[in-house]
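1. sequence first, then the predicted structure, then my questions.
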Amino acid sequence: SQQGEEDPQALSIQEGENATMNCSYKTSINNLQWYRQNSGRGLVHLILIRSNEREKHSGRLRVTLDTSKKSSSLLITASRAADTASYFCATDWRGGAQKLVFGQGTRLTINP
Amino acid sequence: NAGVTQTPKFQVLKTGQSMTLQCAQDMNHNSMYWYRQDPGMGLRLIYYSASEGTTDKGEVPNGYNVSRLNKREFSLRLESAAPSQTSVYFCASSVGNQETQYFGPGTRLLVL
């Protein structure tokens, strides 16, 4: 079973609007990561946030982490057509497994 | 610096045929991974190698074998391909476990 689950599964907004995607997970983690995948391409890392961090920024991206609710959100501000992609969260867990587990992703479409 | 490379980009097999997917990274990373991605789905881990000389099963290892040939190369072998193995296969690498992963462009495999 997958550790992280993104919500919504699909999101369509107008260019210039903000996009928010959420990720929930089940067990305690060391860190949580967000990746982007353009159609037919490999995943590209966006942000890593550690369990002792609550918020992190990178350009137009803002990630929050609430370990008490076991959830994270990715906010993309002032969206552009080039932001159209699928976004995945990935979590490790503290159970000793040496790997990340990816959610099923949110498909974001930015309409011009 | 090519990052993570995968060959071939696309392959068509008949049921029962075998093939090896090749992956190489030039970032001196310790850990390497093989994932499969089915339409509309997230990534599922097939096998991973935490360091040179070690390999471990992931979520969906049945029907696959791997070889960590050296620090740079991690190959995935399908001994007897089945239609259920039709998918896009991604290789990734990271400095260490649970850290940022860097992905290759993927191999699209069709098993008839």
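-> It's in.

2. quick one: contacts for the residue nearest to the spatial centre of chain B?
-> Among the residues of chain B, the one closest to the centroid is residue B:34, at 3.0 Å (Cα atoms, centre = their mean). Going by Cβ atoms under 8 Å, 6 or more residues apart in numbering or on different chains, residue B:34 touches B:21, B:23, B:45-48, B:58, B:64, B:66, B:74, B:76, B:89-91. Every C-beta, even on glycine, is put in place using the N, C-alpha and C of the backbone.

3. these also near chain A: which ones?
-> Contacts with chain A within these, as defined by Cβ under 8 Å from any Cβ of the partner chain: B:45, B:48, B:58, B:90.

4. out of the residues you listed, which end up buried?
-> When these are checked for burial by 16 or more other Cβ atoms under 10 Å in any protein chain shown, the buried set is B:45, B:48, B:58, B:90.

5. look up the residues forming beta bridges with the last one.
-> Each beta-bridge partner of residue B:90 is listed here, defined by DSSP bridges: residue B:35.

6. separation between it and residue A:58?
-> 23 Å (Cβ to Cβ, to the nearest Å).

7. got it, and residue A:24?
-> Going from residue A:24 to residue A:58 by Cβ to Cβ gives 22 Å.

8. which one of the two is surrounded by more residues?
-> Between residue A:24 and residue A:58, counted using other Cβ atoms under 10 Å in any protein chain shown, the more crowded position is residue A:24 (17 against 11).

9. does the helix or strand containing that one reach chain B?
-> According to DSSP states H and E, residue A:24 maps onto strand A:19-25. No: residues of strand A:19-25 contacting chain B under Cβ under 8 Å from any Cβ: none, with a closest distance of 11.2 Å.

10. neighbouring strands for that strand, and are they parallel or not?
-> By DSSP bridges, strand A:19-25 pairs with strand A:4-7 (antiparallel), strand A:71-76 (antiparallel).

11. can you flag the weakest of those by average pLDDT?
-> Of all these, the minimum mean pLDDT falls on strand A:4-7 (a mean of 83).

12. what is the burial count for the nearest residue to residue A:87 once chain neighbours are set aside?
-> The shortest distance from residue A:87 to any non-neighbouring residue, by Cβ to Cβ, 6 or more residues apart in numbering or on different chains, is to residue A:106 (5.0 Å). Using other Cβ under 10 Å, residue A:106 has 22 neighbouring residues.

13. residues touching the residue nearest to residue A:60 when sequence neighbours are not counted, list them.
-> Sequence neighbours aside, residue A:77 is the residue nearest to residue A:60 in space, at 4.8 Å (criterion: Cβ to Cβ, 6+ apart). By Cβ under 8 Å, 6+ apart, the contact set of residue A:77 is A:18, A:60-62.

14. quick one: pLDDT of residue A:77?
-> For residue A:77, the predicted pLDDT is 97.

15. swap in the one 3 residues further on?
-> In the predicted model, residue A:80 carries a pLDDT score of 96.

16. shouldn't it be in contact with residue A:13?
-> No: contact between residue A:80 and residue A:13 fails when scored by Cβ atoms under 8 Å: they sit 11.1 Å apart.

17. higher neighbour count, the two?
-> residue A:13 (16 against 12).

18. now do the contacts for the more buried one.
-> Residue A:13 makes contact with A:19, A:79, A:108-111, according to Cβ under 8 Å, 6+ apart.
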